[in-house]
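J.: the amino acid sequence is not available; the structure is as follows:
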């Protein structure tokens, strides 16, 4: 089944865009880039629509409804505390959301400054109920666990510390990966 095309809406002016933007922000935190992307579907074409979007974004910032700095801080805190994600994963997610590199770097520096990455990786493992690699497929399970932890944003040092504490066959995997390069 093909996806239905969205209905073409009548373009709205600045007041309509402001009401739409407040509704969107009431449902979920957004970055400036994300909000502009959503408003572009409703705004008039050309320079008039761009000017209206600029005015709405400026007004929302003035009212303190929209702030990339606050978005980055809240997003990082939620991903670190609730999801137990590593620094690299949060960095990639924020970049995909359209947050500036300098803001991402400063936010991550403050959020992860006193975090033990190995302990955070252990919390992630406990949250996901991952089991220690064992049995005949221990090597395969170890690789699977490593890949999962890498996708969660943990450094290779933290991953190897956790796997060595489990007694997983890490040395064999390191040798195999170096041959693949």
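T.: Received, thanks. Here the structure is a predicted model, which means the values were calculated and not measured.
J.: can you pull the contacts of residue 21?
T.: Residue 21 is in contact with 35, 38-39, 56-57, 60, 66, counting by CB atoms under 8 Å, 6 or more residues apart in numbering. C-beta: built from backbone N, CA, C; applies to glycine.
J.: ranking those by neighbours, who comes first?
T.: For these, the largest number of neighbours (other CB atoms under 10 Å) sits with residue 56, at 24 neighbours.
J.: next helix or strand past the helix or strand in which it is found?
T.: Using DSSP states H and E, residue 56 sits within helix 46-62. Next helix or strand after helix 46-62 toward the C-terminus (DSSP H and E): helix 68-81.
J.: the very next helix or strand once past that next one: which residues count as buried?
T.: Next helix or strand after helix 68-81 toward the C-terminus (DSSP H and E): helix 87-97. Residues 87-91, 93-94, 97 are the ones in helix 87-97 that count as buried (16 or more other CB atoms under 10 Å).
J.: what's the angle from helix 87-97 to helix 68-81?
T.: Calculated by axes from the mean of the first three to the mean of the last three CA atoms, to 10 degrees, helix 87-97 forms an angle of 140 degrees with helix 68-81.
J.: ok, the contacts of residue 21 vs residue 113, which is closest?
T.: residue 66 (26.6 Å; CB to CB).
J.: quick check: that closest one vs residue 8, distance?
T.: Distance, residue 66 to residue 8, by CB to CB, to the nearest Å: 27 Å.
J.: ok, residue 150 to residue 10 distance?
T.: For residue 150 relative to residue 10 (CB to CB), the value is 47 Å.
J.: more crowded one of those two?
T.: Ranked by neighbour count (other CB under 10 Å), residue 150 and residue 10 place residue 150 first, with 15 against 7.
J.: the more buried one sits in which helix or strand?
T.: Residue 150 is part of helix 138-151, with elements assigned from DSSP H and E.
J.: taking helix 87-97 as reference, get the angle to that helix.
T.: Going by the same axes, to 10 degrees, helix 138-151 makes 50 degrees with helix 87-97.
J.: which element follows helix 138-151 toward the C-terminus?
T.: helix 156-166.
J.: how many neighbouring residues does the residue lying closest to residue 99 once chain neighbours are set aside have?
T.: Spatial nearest neighbour of residue 99, excluding adjacent residues (CB to CB, 6 or more residues apart in numbering): residue 72 at 5.0 Å. Around residue 72 sit 23 other residues, with neighbours defined as other CB under 10 Å.
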